[in-house]
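Participant: Okay, here's the prediction I keep looking at, along with the sequence it came from:
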Amino acid sequence: MKNLLLISFLLVGFTLNAQIKTPAPSPKAKVSQDVGLTTVELEYSRPGVKGRTIFAADGLVPFDKLWRTGANQVTTVSFSTDVNVGGSDLKAGKYAIVSKPGKMSWDVNFYAHDGNYWSSYVEKEATATVSAKPMSMGDMVETFTMAVNNITDKSATLDIMWDKTKVSVPMTMDAHETVMASIDKVLAGPAQGDYYSAATYYHNSGGDLNKALEWINIATAGDSPRFWQVRRKALILADLGKKKEAIAAAKKSLELATEAGNEDYIRMNEKSIKEWMM
């Protein structure tokens, strides 16, 4: 009897503690992407097509019905700064995404995050709603996918892709004003690296090239300029049409890159010198 009791106890203990792990039918995904000075983070679950009809009047995701935009818990997106989605302003923070797919147009709704159950948002008013046109893709996407694509310093698209349907929500971030405020603050007492950063931003963003040249001259003054800084000076001079000075700067950058053993900058400078001498 004691042996039977012991065996029963062990079996109960095994039943309580044993956990069989199997693959999730809709695995979780986390995506983090920097866009300019904004970090965009997505959390969602990824169901598969599995031979089913997805977006249709009688599909797995019926037209004109609210959908959790994925599977399991509500899909969320977080922004580290204020953003604009499809013409609507959103404050920095976390939002739930609940969409309404349609044959000709989707409504992508953003709600201030308030729990993980997507059905709790159905009766709430969306903070922002973006109408987006669904596009047909040539290749099928088996697993539901969300991504941040088409990235620039101040914009990107939030793409929703599944089966052969793709929907893109445009996003813009006001990186320029943030950068300009930072430049004004830092240049009140900047170091050479700050002048280099300011010159690089002006050069890349189509700013005043003469101002960029003024700053890069300060950044490269002295006895020990860096090869990447002198390379930037060469590029700014070339864009100002000062090819002779640009070639001289590129040769200096080439010399410094050779000393540092940086093959990438050696090749870039050699190519530029050849082009500018033509």
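Facilitator: Here it is on my side, so go on.

Participant: and the residue positioned nearest the centre of the chain, what is it in contact with?
Facilitator: A centroid search over the chain (Cα atoms, centre = their mean) returns Q33, at 3.1 Å, as the residue closest to the centre. By Cβ atoms under 8 Å, 6 or more residues apart in numbering, Q33 lies in contact with 39-41, 148, 151, 156. Bear in mind the C-beta positions are built from the backbone N, C-alpha and C, glycine included.

Participant: out of the residues you listed, which is most surrounded?
Facilitator: The residue in the contacts of Q33 with the most neighbours, by other Cβ atoms under 10 Å, is A156 (25 neighbours).

Participant: is it true that that residue lies in a strand?
Facilitator: Yes - under DSSP: H, G, I helix; E, B strand; the rest coil, A156 falls within a strand.

Participant: Tell me the confidence at it?
Facilitator: For A156, the pLDDT comes out at 97.

Participant: which residues touch it?
Facilitator: A156 neighbours (Cβ under 8 Å, 6+ apart): 33, 35, 40, 148-150, 171, 173.

Participant: The same query, at a cut-off of 6 Å, please.
Facilitator: Residues in contact with A156 (Cβ atoms under 6 Å, 6 or more residues apart in numbering) are 35, 148, 150, 171.

Participant: mind listing what the second one touches?
Facilitator: With Cβ under 6 Å, 6+ apart as the criterion, the residues that contact V148 are 33, 40, 156.

Participant: The same query, at a cut-off of 7 Å, please.
Facilitator: When contacts are counted by Cβ atoms under 7 Å, 6 or more residues apart in numbering, V148 is found next to 31, 33, 35, 40, 156, 158.

Participant: could you pull out the helices for the stretch 51-200 of the chain?
Facilitator: Taking DSSP state H, counting those that start in this stretch as the criterion, the stretch 51-200 of the chain carries its helices at 175-186, 192-204.

Participant: From the contact counts, what lies against the first one?
Facilitator: When contacts are defined as 3 or more Cβ pairs under 7 Å, 6 or more residues apart in numbering; DSSP states H and E, helix 175-186 sits against helix 192-204.

Participant: Can you give me the buried ones in the helix or strand just after the helix it packs on?
Facilitator: Following helix 192-204 in sequence order, the next helix or strand is helix 209-219 (DSSP states H and E). Residues of helix 209-219 classed as buried by neighbour count (16 or more other Cβ atoms under 10 Å): 209, 212-216, 218-219.

Participant: could you give me the average pLDDT of helix 209-219?
Facilitator: Taken as a whole, helix 209-219 has an average pLDDT of 96.

Participant: which helices and strands does that helix pack with?
Facilitator: Helix 209-219 packs on helix 192-204, helix 227-239, going by 3+ Cβ pairs under 7 Å, 6+ apart.

Participant: and among those, the most buried is which?
Facilitator: Highest mean neighbour count among the helices and strands packed on helix 209-219 (mean count of other Cβ atoms under 10 Å): helix 227-239, with a mean of 22.

Participant: Please parse the protein into its domains.
Facilitator: Segmentation of the chain into domains, based on automatic domain parsing, reads 23-172, 175-276.

Participant: so how far is the first residue of the longest one from its last?
Facilitator: By Cα to Cα, to the nearest Å, the extent of domain 23-172 from end to end equals 37 Å.

Participant: gap between the residue lying closest to V186 once chain neighbours are set aside and A181?
Facilitator: With Cβ to Cβ, 6 or more residues apart in numbering as the measure, D194 is the residue that lies nearest to V186, at 4.8 Å, once sequence neighbours are left out. Between D194 and A181 the computed distance is 14 Å (Cβ to Cβ, to the nearest Å).
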